[in-house]
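Peer 1: Build me a model from this:
(chains A and B)
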Amino acid sequence: MSLKTLFKKEPAPAGYEPATYPAPAVDNPETNTAEADEKKEEHADSSTVCPKCKQTFEKSVLRESFNVCPACGYHFVISAERRVRYLVDQGSFKPLKCKVAFANPLENPEYESKITSLQEKTGLEEAVYTGVGKIEGHEAVIGVMSSKFLMGSMGIAVGEKVTNAFEYAEKKKLPVILFTASGGARMQEGILSLMQMAKTSAAVERFSKNGGLYISVLTHPTTGGVTASFATLGDITLAEPEALIGFAGPRVIEQTIGQKLPEGFQRSEFLMEHGFVDQIVPRDKMRETLGHILRLHSKRGK
Amino acid sequence: MVKEIDERIQEIDNEIENMQKEEIVDEAQIYVLKRERHDLIKMCKNLSPHVKVYLARHKKRPKITEYVENIFSDFFEQRGDDLGKEDASIYGGIAMFHGRPVTVLGHRKGTDLAENMKCNFGMPGPEGYRKALRLMKQAEKFGRPIITFIDTPGAYPGLEAEMYGQGTAIANNLAKMSDLKVPVIAIVTGEGSSGGALAIGVANTVLMLENSVYSILSPEGYASILWKDATRSDEACELMKLTAQDLLSFRVIDAIIPEPVGGAHLNPKAVFKTVDKYIKHELDRYAKAGPEEIAKLRYKKFRNIDSEFLKVAQW
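Peer 2: Predicted coordinates:
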């Protein structure tokens, strides 16, 4: 199934003009992310076991429930494309063109082939997928990070695409919604990955100073350099239930303090309790909630 | 090897000092020792990255407190984040520099074990970063240039640090620093690791001491991610491209401040003098720029920091 068919499957609901959908961002539609994920997630008998409650579900059941376990509410990791599909008004999504050439500042001999194979496997250019789409009729720049692409780590390409998304939104006076999922800065690009933290944060600051609305949605897992840059700079910060969110990883902290971490530490609920998250939003309510926030910001207060 | 050389140099220094205290000074022997010292130092040229990491972390390497004492005058220390805590791992305040008031701040590791503990070995928590931001925003209010000294193994990976928003605190510093309307000069004096270093490093000019290092995380952390073995940090150093020379070639930093051969700790006075010269040169450069221009220059610098590697087809 190609991206084109994904978004054009159903006629667009009345009330807005569906944008024409451009050529798919993926080079090879046969190895589409959603398709690949489904194959991976499912066993031969086309059913999936929930890692939390260990119950088995038909794939069709899971797909209807937004890839959330119907029994315990466990949120399965989903692909960037599927996330977008759950979110936007049908046919309204258009990827942002920001192709970043491969860079290998540390001259790591295995890095390029790793990226190429990941691009083939996931159908994504890089660990973040950006575009413009409508949510309940409100247009926004949307970015989704994929933990399936080198743990969603941020190197030059990710930093550039995120920065580019903010610059585009500023130019077009659109809000930005980012779904973060990342292990942090990308080790393979060394100090230049670290600099992406400064670059993206500066872009958010500039966008924000010009009155732009930025909604950050933290999904499992959001850690390291992404937590310490654009992920935590939203005007409004949402999180998916039970997502791991933190700066240092739990293993590192356990080694440092020499004891086990308490249950629920660094999870969405913990972060909300400590004042860093506005609301925890389950996946089936995400579209509605974002639509609500966008509606509240569609007119300037006086 | 440099470790042995370094230890021998310390021995020689002690010997010479003791000999000079005696009634009859054995000039000939002192000359022999000085010769040896000179030859040893000469061996310290073209150091490999892991040796630079060793020097960058050297116990006697000049600390922020010494830089403040020797380069600035009339220092007034400021403490606290105004939100409930004082974090001693960030040291800072207001001082005079060649007749103009500046805000100076940086990581403090401490000079002895008791102080190391108090300063958490230079690893700030969120309170430290909020304190740094408080000082910087105040500097902006009064139009004071900001000079930061970077020397940290990284932000502290602790339970409370996470609870009180380590990530958010660092992110806020990066964002707010990018828009400061006064010149910011950052100098990596020792080790600059991870977001913990960058959180006070979004500067108009970023300088590095010749034997300092600046990296995405500590070599130990890198080795443990790469090979699940922190003891292979020396190998990691060779791969990470973390030396001042590497960073200059990436154009991530603006200039390298030369150190005495063998490391800054061998002649701190000379280092203070050179650092002073570099700061003055940079501040003079920005003296005529207006506030908006200064912020714009800094934004552009970080927006294009990876331009060497970046080829983009834009929308």
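Peer 1: And the strands in chain A?
Peer 2: A:47-49, A:56-58, A:94-95, A:99-100, A:128-135, A:138-145, A:176-182, A:214-222, A:236-239, A:279-280 (DSSP state E).
Peer 1: I meant the stretch 1-150 of chain B, not that one.
Peer 2: For the stretch 1-150 of chain B, the strands defined by DSSP state E, counting those that start in this stretch occupy B:73-77, B:90-97, B:100-107, B:146-152.
Peer 1: out of these, deepest packed?
Peer 2: Each of those was scored by mean neighbour count; the highest is strand B:146-152, a mean of 28, by mean count of other C-beta atoms under 10 Å in any protein chain shown. Quick note: C-beta positions are derived from backbone N, CA and C, even for glycine.
Peer 1: ok, residues contacting that one?
Peer 2: With contacts defined as C-beta atoms under 8 Å, 6 or more residues apart in numbering or on different chains, strand B:146-152 is touched by B:63-64, B:67, B:89, B:97, B:102-107, B:109, B:122-124, B:132, B:135-136, B:139, B:180, B:182-193, B:196-197, B:200-201, B:203, B:212, B:214, B:279.
Peer 1: residues near residue 292, how many?
Peer 2: Chain wasn't specified; assuming chain A. 14 (other C-beta atoms under 10 Å in any protein chain shown).
Peer 1: ah, no, chain B please
Peer 2: 9.
Peer 1: ok, it to B:Leu135 distance?
Peer 2: 22 Å (C-beta to C-beta, to the nearest Å).
Peer 1: Surely A:Thr122 touches A:Met145?
Peer 2: No - if you go by C-beta atoms under 8 Å, A:Thr122 and A:Met145 don't touch, sitting 11.8 Å apart.
Peer 1: quick one: which of the two has more around it?
Peer 2: Using other C-beta under 10 Å as the criterion, A:Thr122 and A:Met145 rank with A:Met145 on top: 30 against 24.
Peer 1: show me the residues around B:Asn173 that make contact.
Peer 2: Per C-beta under 8 Å, 6+ apart, neighbours of B:Asn173: B:Tyr129, B:Ala132, B:Leu133, B:Ala199, B:Ile200, B:Val202.
Peer 1: which among these gets closest to chain A?
Peer 2: B:Val202 (5.0 Å; C-beta to the nearest C-beta).
Peer 1: Nearest residue to the closest one in space, ignoring adjacent ones along the chain?
Peer 2: Closest residue in space to B:Val202, ignoring its immediate chain neighbours: B:Met177 at 3.8 Å, by C-beta to C-beta, 6 or more residues apart in numbering or on different chains.
Peer 1: Report the contact partners of the one you found.
Peer 2: B:Leu133, B:Met136, B:Val184, B:Ile200, B:Val202, B:Ala203, B:Arg298.
Peer 1: Reformat these as TSV; add neighbour count.
Peer 2: Putting the contacts of B:Met177 into TSV (neighbours: other C-beta atoms under 10 Å in any protein chain shown) gives the following:
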residue	neighbour count
B:Leu133	22
B:Met136	24
B:Val184	27
B:Ile200	31
B:Val202	29
B:Ala203	25
B:Arg298	23
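Peer 1: Most widely separated two among the residues you listed?
Peer 2: B:Leu133 and B:Arg298 (15.3 Å; C-beta to C-beta).
Peer 1: Please name the bridge partners of B:Ile90.
Peer 2: B:His107 (DSSP bridges).
Peer 1: Looking at it now. What's its pLDDT?
Peer 2: We note a pLDDT of 98 for B:Ile90 in this prediction.
Peer 1: distance of it from B:Pro62?
Peer 2: 17 Å.
Peer 1: Equivalent analysis for A:Pro262, please.
Peer 2: A:Pro262 is 41 Å from B:Pro62, by C-beta to C-beta.
Peer 1: These two: which has the busier surroundings?
Peer 2: Taking other C-beta under 10 Å, A:Pro262 and B:Pro62 do not tie; B:Pro62 has more neighbours (24 against 9).
Peer 1: For B:Thr274, the count of nearby residues, please.
Peer 2: Neighbours of B:Thr274 under the rule other C-beta under 10 Å: 17.
Peer 1: Run the angle between the strand or helix carrying it and strand B:90-97 for me.
Peer 2: Per DSSP states H and E, B:Thr274 falls inside helix B:268-286. With axes from the mean of the first three to the mean of the last three C-alpha atoms, to 10 degrees as the basis, helix B:268-286 and strand B:90-97 are set at 70 degrees to each other.
Peer 1: so what's A:Cys216 scoring on pLDDT?
Peer 2: Slight slip there: residue A:216 is Ser, not Cys. A:Ser216 is given a pLDDT of 98.
Peer 1: isn't it right up against A:Ala181?
Peer 2: No - applying C-beta under 8 Å as the test, A:Ser216 and A:Ala181 come out as separate, 11.8 Å apart.
Peer 1: Neighbour count for the two, which is higher?
Peer 2: Between A:Ser216 and A:Ala181, A:Ala181 has the larger neighbour count (other C-beta under 10 Å), namely 30 against 23.
Peer 1: Please look at the more buried one and A:Gly152 and confirm they touch.
Peer 2: Yes - the pair A:Ala181 / A:Gly152 is scored as a contact, 4.6 Å apart, by C-beta under 8 Å.
Peer 1: Report how many residues lie close to the closest residue to A:Cys53 other than its chain neighbours.
Peer 2: Closest residue in space to A:Cys53, ignoring its immediate chain neighbours: A:Cys72 at 3.9 Å, by C-beta to C-beta, 6+ apart. Here the number of neighbours of A:Cys72 (other C-beta under 10 Å) works out to 12.
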